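1. here's my sequence, what's the structure:
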Amino acid sequence: MNVLVAMSGGVDSSVAAALLLDAGHDVTGCTMRLWGGESDTGCCSVADVDDARRVAQQLGIPHYVFDFGDEFHTGVVEPYVAAHAAGRTPNPCIECNRTVKFDRLLRRADALGFDAVATGHHARVVQEDGRWRLRRAVDAAKDQSYVLHMLDQSTLARTLLPVGFLTKTVVRARAGGLGLRTATKPDSQDVCFITKGGRERFLSTRVSFTPGRVVDGGGREVGAVEAVELVTIGQRKGLGLAGGADPRYVVAVEGDTVVVGSLDELRVDEVRLAAITWVDAPISGEVLVQCSAHGVPVAGTIEDGVVRFARPTRKVAPGQSVVLYRGDDVRGGGIAR
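-> Numbers count the residues shown, from 1 in each chain. Model (predicted):
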């Protein structure tokens, strides 16, 4: 099979390319240049591109750089800014997967005659009974199936995720055994176009911030924030609250007013979803619900776009993805309203 491997400059995608070579595939590496602005993490720095190129040289495979900066700005950065301006909490990594890595890159791969695209994501693609399944990774601690929940049958049929069948320890050992320069490189943790601690600075040049007052459930003013656009559901810090009281969390943002309450007040029985996508046919009934990339799944049901939790659960910030599982299989997901 002729496979185009998206090489981010990290150890996972490096080993993905090596595994596919060992399996007898015709492998070509590529790195997507997505963000031309300031960056100190993620897969967008000059150093990451150089690491990917050097690994490709070590493996003896061709390597290309694709400039998808326009698509990244339109599909990821602009929606990120717009979501904050509207009081939502976006997940740009999911939108990058949706609009760039498993859309724009696949279209480029098709145009160049590749049979499949591979990445270093920790998740598994398997075929059962003639249908494609997206499953959690073997290494539960590194599982990334949550951020891939939008992949459908046609996309999964052309997607390879070889490192999802290995633990991270084995991945690093394999890279070390091959002498790859990425073997001990730390994992990326943050949004690639936001420098560490720089979300406020990034948004301040793109959004008009609105000062807000912080009130309790009875309407009594208890604090203040400089920008309601930076506040998210469940937040505890940065609210100007007096110390010594029981912990209080953001339970709602209403215009320029931030409402705080106890942990019990933060819990809800349901969440309504928009923009639902399905890995295969739509489902209803019992599911496991995961509300963040590393969150603990909770039992619930899905019916007509409404997820009802088996027990009260922390409110999901509007704009965040809610992903539905049955066992280890991703069945679909949507965005919290």
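2. isn't residue 29 right up against residue 8?
-> No. With contact defined as CB atoms under 8 Å, residue 29 does not count as touching residue 8 (10.3 Å). Backbone N, C-alpha and C define where each C-beta goes, glycine included.
3. low-confidence bits of this structure, can you list those?
-> In the predicted model of the chain, residues 37-44, 189-190, 196-197 satisfy pLDDT under 70.
4. domains in it, by residue range?
-> 2-178, 209-261, 268-336 (automatic domain parsing).
5. I'd say residue 242 and residue 220 touch.
-> No. When contacts are counted by CB under 8 Å, residue 242 is not listed as touching residue 220 (11.9 Å).
6. looking at the domains of the chain, which is buried most?
-> Among these, domain 2-178 has the highest mean neighbour count (mean count of other CB atoms under 10 Å), at a mean of 19.
7. from the chain's centroid, how far away is that one?
-> Here domain 2-178 is found 12 Å from its chain centre; the criterion is CA atoms, centre = their mean, to the nearest Å.
8. how far does that domain stretch from one end to the other?
-> 22 Å (CA to CA, to the nearest Å).
9. can you check stretch 172-184 too?
-> Start-to-end, stretch 172-184 (CA to CA) is 7 Å.
10. out of the domains of the chain, which gets nearest to residue 201?
-> Residue 201 sits nearest to domain 2-178 of all these, at 9.4 Å, using CB to CB.
11. before we move on, back to that, overlap in contacts of residue 29 and residue 8?
-> residue 52 (CB atoms under 8 Å, 6 or more residues apart in numbering).
12. quick one: strands adjacent to the longest strand along the chain?
-> Using DSSP state E, we find that the single longest strand of the chain is strand 267-278. Neighbouring strands of strand 267-278 in its sheet, by DSSP bridges, are strand 306-314 (antiparallel), strand 329-336 (antiparallel).
13. any idea how far the closest residue to residue 261 other than its chain neighbours lies from residue 170?
-> In space, residue 261 comes closest to residue 251 once its chain neighbours are excluded; the distance is 4.3 Å by CB to CB, 6 or more residues apart in numbering. Distance of residue 251 to residue 170, computed by CB to CB, to the nearest Å: 43 Å.
14. all helices for this structure, in order.
-> 11-22, 46-59, 69-72, 78-85, 92-96, 105-111, 153-156, 168-178, 199-204, 263-266 (DSSP state H).
15. hmm, who's touching the fifth one?
-> Contact partners of helix 92-96, identified using CB under 8 Å, 6+ apart, comprise 34, 72, 75-77, 79-80, 147, 149-150, 191, 193, 293, 321.
16. could you dump it to PDB, C-alpha only?
-> Taking Å, rounded to 0.1, in the frame of the first residue of the first chain, the C-alpha atoms of helix 92-96 are listed here in PDB:
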ATOM      1  CA  PRO A  92      -8.900  23.700  18.500                       C
ATOM      2  CA  CYS A  93      -7.100  20.400  18.400                       C
ATOM      3  CA  ILE A  94     -10.300  18.600  17.400                       C
ATOM      4  CA  GLU A  95     -11.100  21.200  14.800                       C
ATOM      5  CA  CYS A  96      -7.500  20.800  13.400                       C
END
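17. thank you, goodbye.
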